[in-house]
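K.L.:
what follows is a predicted structure for the sequence shown.
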Amino acid sequence: MLINQNIQKLIESAHDKKQVTGLTHNFYRYPARFSPTFASTAIELLSKQGDIILDPYMGGGTTIIEAMVSGRHAIGTDLNSLSVFLVKVKTTILNGIEKKTLCLWTDNLIPRLTYRYPRKDIEQLLSDDKTKNLNLYRARFIKKLIASAINFLSSLETQNAIDFARCAILKTSQWALDGRKSHTTLNQFRDKLKENIYEMLKDLEEFEQRTTSGKSMFIKPTLIQADAALLDKASIFSELNLKADLVVTSPPYPGLHILYHRWQVDGRRETPAPYWIAGCEDGQGDSFYNFGSRHQPGLDSYFEKSLNTLKAIRKVTRDGGYIVQMLSFSNPEEHLPRYLDNMKNAGFKEELLQKENTTEYTNRIWRTVPNRKWHATLKGKTSGSREVVLVHVAI
């Protein structure tokens, strides 16, 4: 049972409404990410230095980054190749030469990005399937600018530098295209890309300092692109026989449609552009990343896949280890009990949380989702606008 001082800290961190900032968290705005304050608090309260922290649905890597700066060994998995790319960039330290080269690339090549870049030099980058809906009015000029920036990546000498620059292009393109209500000019894009690269280098320097000094000696994370249901088959668990001491994660939300794999451009038309820019493979529909379609009656597919992943997570979690989750439901009254049944059937027991300075107990922490997109905010206080924190222990 968690003592009241600990649960009060966890409650306060769950209600943190600050924008996601600091370290390398802001390299990209990944959907449904939770607060670094929440992740770091859970890690500090429920584990110790040297422990293994697992996030089986790592998304943008919040848990992985916070585990590393806390001196823990981080293991992250995700179905999404874009997730693995992003977390790799966020947790890779660049050497001095790579940083200097990126600065020269930024100062010398970004001013040369142009809509009039010779099409023959970027033709191979403009396949229709990877740039779908980028021919629309608000996107088509930016598309050629992005392609010329990707083409310039070949002048960088190391893969780490190339991936960092790709991530900066991705971040800037998301700002310029995803959910925008107004057109982004070419000059605005060039200026923002340069600004992003220098800010990201500064953020990476902070991350490096936090992970290579004092209690947080740098421990390289283990990142795996895989279905969480196959987690126990991963070599780090099956061959090395390691067990996670703590799981901090945010699984797909039952019945809620989240675009982990697309942007919405020019009237919310979907584009797979993030994969094109990051150099990742996609080809999957939204149901692949959401454990099934939100329109399926009863969401049986979701709960079947959820149970399979939870069973695999239990196999790689030590007895007595905690799992802390933040999730939301389209129909909490119906879906929460089913999800709790899945947790029980997978081998987890819900933890009683004692409130501070009382003898009262609660099972869950509810919060309102902060910083929602403008089109989600217009819908008001729907079921999906609230999230719940669940704390379980492996039995």
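P.N.:
Right, received. Where do you want to start? Numbers count the residues shown, from 1 in each chain.

K.L.:
rest of the way, CA atoms for contacts and neighbours
P.N.:
Fine.

K.L.:
can I assume residue 144 sits in a helix?
P.N.:
Yes: the assignment for residue 144 (DSSP: H, G, I helix; E, B strand; the rest coil) places it in a helix.

K.L.:
quick check: it touching residue 114?
P.N.:
Yes: using Cα atoms under 8 Å, residue 144 is in contact with residue 114, at 7.4 Å.

K.L.:
out of the two, which sits in the more crowded spot?
P.N.:
residue 144 (24 against 19; other Cα atoms under 10 Å).

K.L.:
isn't residue 224 up against residue 82?
P.N.:
No: counting by Cα under 8 Å, residue 224 stays clear of residue 82, with 11.8 Å between them.

K.L.:
anything in contact with each of these two?
P.N.:
Here residue 224 and residue 82 share no contacting residue, scored by Cα atoms under 8 Å, 6 or more residues apart in numbering.

K.L.:
mind checking the longest strand of this protein?
P.N.:
strand 317-327 (DSSP state E).

K.L.:
in terms of secondary structure, what does the next helix-or-strand element following that one contact?
P.N.:
Later in the chain than strand 317-327, the nearest helix or strand by DSSP states H and E is helix 332-346. Here helix 332-346 touches helix 300-315, going by 3 or more Cα pairs under 8 Å, 6 or more residues apart in numbering; DSSP states H and E.

K.L.:
may I see the buried residues of the helix it packs on?
P.N.:
302, 303, 306, 307, 309, 310, 311, 312, 313, 314, 315 (16 or more other Cα atoms under 10 Å).

K.L.:
low-scoring stretches of the stretch 201-350 of the chain, by residue?
P.N.:
Counting by pLDDT under 70, the stretch 201-350 of the chain shows low-confidence ranges at 214-217, 283, 294-298.

K.L.:
all strands for the stretch 101-250 of the chain, in order.
P.N.:
Along the stretch 101-250 of the chain, the segments classed as strands by DSSP state E, counting those that start in this stretch run 222-225, 244-249.

K.L.:
among the ones you listed, which is nearest residue 273?
P.N.:
Closest approach to residue 273 among the strands of the stretch 101-250 of the chain is made by strand 222-225 (19.7 Å; Cα to Cα).

K.L.:
could you look up the SS state of residue 17?
P.N.:
Going by three-state DSSP: residue 17 is coil.

K.L.:
how many other residues sit next to it?
P.N.:
Residues near residue 17, counting by other Cα under 10 Å: 15.

K.L.:
is it true that residue 189 touches residue 176?
P.N.:
Yes: shown here, residue 189 and residue 176 form a contact pair, counting by Cα under 8 Å, at 6.9 Å.

K.L.:
so can I have CSV of the buried residues of helix 300-315 showing distance to residue 14?
P.N.:
Formatted as CSV, the buried residues of helix 300-315 follow (distance: Cα to Cα, whole Å):
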residue, distance to residue 14
302, 25
303, 25
306, 23
307, 25
309, 24
310, 22
311, 26
312, 26
313, 23
314, 24
315, 27
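
K.L.:
pull the most distant pair out of these.
P.N.:
Among these, 302 and 315 lie farthest apart (Cα to Cα), at 20.2 Å.

K.L.:
go ahead and confirm residue 45 touches residue 6.
P.N.:
Yes: with contact defined as Cα under 8 Å, residue 45 counts as touching residue 6 (6.5 Å).

K.L.:
in terms of neighbours, single out the busier of these two.
P.N.:
For residue 45 versus residue 6, the count of surrounding residues by other Cα under 10 Å is larger for residue 6: 18 against 14.

K.L.:
so what pLDDT did the more buried one get?
P.N.:
Per-residue confidence (pLDDT) for residue 6: 75.

K.L.:
what helix or strand is it on?
P.N.:
Using DSSP H and E, residue 6 falls in helix 4-14.

K.L.:
and that helix, how far out from the chain's middle?
P.N.:
Distance, stretch centre to chain centre, for helix 4-14: 23 Å (Cα atoms, centre = their mean, to the nearest Å).

K.L.:
tell me which residues in that helix are buried?
P.N.:
Quick answer for helix 4-14 (16+ other Cα under 10 Å): 4, 6, 7, 8, 10, 11, 13, 14.

K.L.:
name the nearest residue to residue 163, ignoring sequence neighbours.
P.N.:
residue 89 (6.5 Å; Cα to Cα, 6 or more residues apart in numbering).

K.L.:
how far away is the one you found from residue 79?
P.N.:
Relative to residue 79, residue 89 is positioned 17 Å away (Cα to Cα, to the nearest Å).

K.L.:
what's the answer for residue 232, then?
P.N.:
Residue 232 is 15 Å from residue 79, by Cα to Cα.

K.L.:
have a look at the two and say which one is more surrounded.
P.N.:
Legend: neighbour count by other Cα under 10 Å for residue 232 and residue 79, higher for residue 232 (21 against 18).

K.L.:
what sits against the more buried one?
P.N.:
Contacts of residue 232 (Cα under 8 Å, 6+ apart): 238, 312, 313, 315, 316.

K.L.:
and residue 20, by the same measure?
P.N.:
Contacts of residue 20 (Cα under 8 Å, 6+ apart): 26, 35, 36.

K.L.:
can you check the residues you listed and name whichever has the most neighbours?
P.N.:
residue 36 (24 neighbours).

K.L.:
that one against residue 60, yeah?
P.N.:
No: between residue 36 and residue 60 there is no contact under Cα under 8 Å: 11.0 Å.

K.L.:
which neighbours do these two share?
P.N.:
Common neighbours of residue 36 and residue 60, using Cα under 8 Å, 6+ apart, are residue 25.

K.L.:
which residues are in contact with the helix or strand harbouring residue 275?
P.N.:
Using DSSP H and E, residue 275 sits within helix 273-278. Residues from elsewhere that reach helix 273-278 (Cα under 8 Å, 6+ apart): 82, 85, 130-132, 134, 146, 150, 163, 166-167, 169-170, 174, 261-263, 281-282.
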